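Chemist: Output the structure for:
(one chain, ligands or ions: 1)
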Amino acid sequence: MRIDLITIFPEFFSVLDVSLLGKARQAELVQTRVHDLRDYAAFKADGSPDVHRTVDDAPFGGGAGMVMKPDVWGKAIDDVLEPGGVLVIPSPAGTLFTQALAADLATAPQLVFACGRYEGIDARVAEHYAAAGHRVLEVSLGDYVLNGGEVAAFAMTEAVTRLIPGFMGNAQSIVEESHADGLLEYPSYTRPATWRGHDVPDILLSGHHARIEEWRHEQQLQRTRTRRPDLLPPEG
Ligand SMILES: COc1cccc(COC(=O)c2cn[nH]c2)c1
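Modeler: Modelled structure (predicted):
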């Protein structure tokens, strides 16, 4: 898979070289490229040089803040997005990012993350690439607002790449992790068996694997009921 990240803060993604992702990149499972949006703002619409490499402008209809220019984004995405590539726009107004969507995106040949800043990207950009036949997703990490899409893009990149076959050493741990079966993960323990007067649940020291599995599933249900009832099917 190739992952392209378009941003006005390219240095933000230099960490990609040192994270776990770095190993996957070395293994050629994932190629990542970072693109400076301002490289596509060197010339104005009329072809004259723009020394300020402007990427934003005032919103039509008024309102606070600035909107990112469609023409600049168009030049950048035209240069980067490949046939079959998915354009992902992190946004507070997006659909919720889930483990299921991560698994879906892990099968794509290319992801292009358009990292917005200010009040966002001109809405015609998403419209244009959808109309051109590309899969375009506006995706939210949750109900809060960040200053830009870079943090969200990095989180989604990690959630997706770790699901690429061959990336994680222990495939079994992926299957067992939270959300893989729609429930939250059960609590985990390791040595020492007693720590500051707190004991590990006896069942886990019993060696009864069937009972341990049953206890763990019950813990998953209990946790999901109390912390994330929204994840339970209607009959709960
Ligand atoms: C594309 O337009 C905008 C506008 C404003 C901020 C951002 C950055 O994304 C988020 O804030 C976010 C993503 N998931 N939850 C929050 C993008």
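Chemist: use CA for all of it now, contacts and neighbours both
Modeler: OK.
Chemist: Buried residues, the longest helix that the chain contains. List them.
Modeler: Identified as the longest helix of the chain according to DSSP state H is helix 209-227. By 16 or more other CA atoms under 10 Å, the buried positions in helix 209-227 come out as 212, 215, 216, 217, 219, 220, 221, 222, 223, 224, 225.
Chemist: so can I have a markdown table of the residues you listed showing distance to residue 82 and pLDDT?
Modeler: Output for the buried residues of helix 209-227, formatted as a markdown table (distance: CA to CA, whole Å; pLDDT from 0 to 100):
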| residue | distance to residue 82 | pLDDT |
| --- | --- | --- |
| 212 | 48 | 98 |
| 215 | 48 | 98 |
| 216 | 44 | 98 |
| 217 | 43 | 97 |
| 219 | 45 | 98 |
| 220 | 41 | 97 |
| 221 | 42 | 97 |
| 222 | 45 | 98 |
| 223 | 42 | 98 |
| 224 | 40 | 98 |
| 225 | 43 | 97 |
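Chemist: Residue 94: what secondary structure?
Modeler: Put simply, residue 94 is strand when judged by DSSP: H, G, I helix; E, B strand; the rest coil.
Chemist: Show the pLDDT at it.
Modeler: As predicted, residue 94 sits at a pLDDT of 98.
Chemist: For the closest residue to residue 41 other than its chain neighbours, list the residues it contacts.
Modeler: The shortest distance from residue 41 to any non-neighbouring residue, by CA to CA, 6 or more residues apart in numbering, is to residue 53 (4.6 Å). Shown in contact with residue 53 (CA atoms under 8 Å, 6 or more residues apart in numbering): 38, 39, 40, 41, 42, 43.
Chemist: Once you drop chain neighbours, what's closest to residue 96?
Modeler: Closest to residue 96 by CA to CA, 6+ apart is residue 140, at 4.9 Å.
Chemist: before we move on, the earlier item: for the buried residues of helix 209-227, give me JSON lines that also has distance to the ligand.
Modeler: Below are the buried residues of helix 209-227 laid out as JSON lines (distance: CA to the nearest ligand atom, whole Å):
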{"residue": "212", "distance to the ligand": "37"}
{"residue": "215", "distance to the ligand": "35"}
{"residue": "216", "distance to the ligand": "32"}
{"residue": "217", "distance to the ligand": "31"}
{"residue": "219", "distance to the ligand": "29"}
{"residue": "220", "distance to the ligand": "26"}
{"residue": "221", "distance to the ligand": "27"}
{"residue": "222", "distance to the ligand": "28"}
{"residue": "223", "distance to the ligand": "24"}
{"residue": "224", "distance to the ligand": "22"}
{"residue": "225", "distance to the ligand": "24"}
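Chemist: Let's have the residues you listed in TSV, adding distance to residue 159.
Modeler: Shown next, in TSV, are these (distance: CA to CA, whole Å):
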residue	distance to residue 159
212	28
215	28
216	24
217	24
219	24
220	21
221	23
222	25
223	22
224	21
225	24
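Chemist: Tell me if residue 34 really is in a helix.
Modeler: No. Assigned with three-state DSSP, residue 34 falls outside any helix and is strand.
Chemist: ok so, going back, so which of the contacts of residue 53 comes closest to the ligand?
Modeler: Minimum distance to the ligand across the contacts of residue 53 is 16.4 Å, recorded for residue 38 (CA to the nearest ligand atom).
Chemist: so how many other residues sit close to residue 153?
Modeler: Number of residues near residue 153 (other CA atoms under 10 Å) recorded here: 25.
Chemist: how about the helices in this structure?
Modeler: Taking DSSP H as the test, the helices found in the chain are 20-26, 70-80, 99-105, 124-131, 150-161, 171-176, 209-227.
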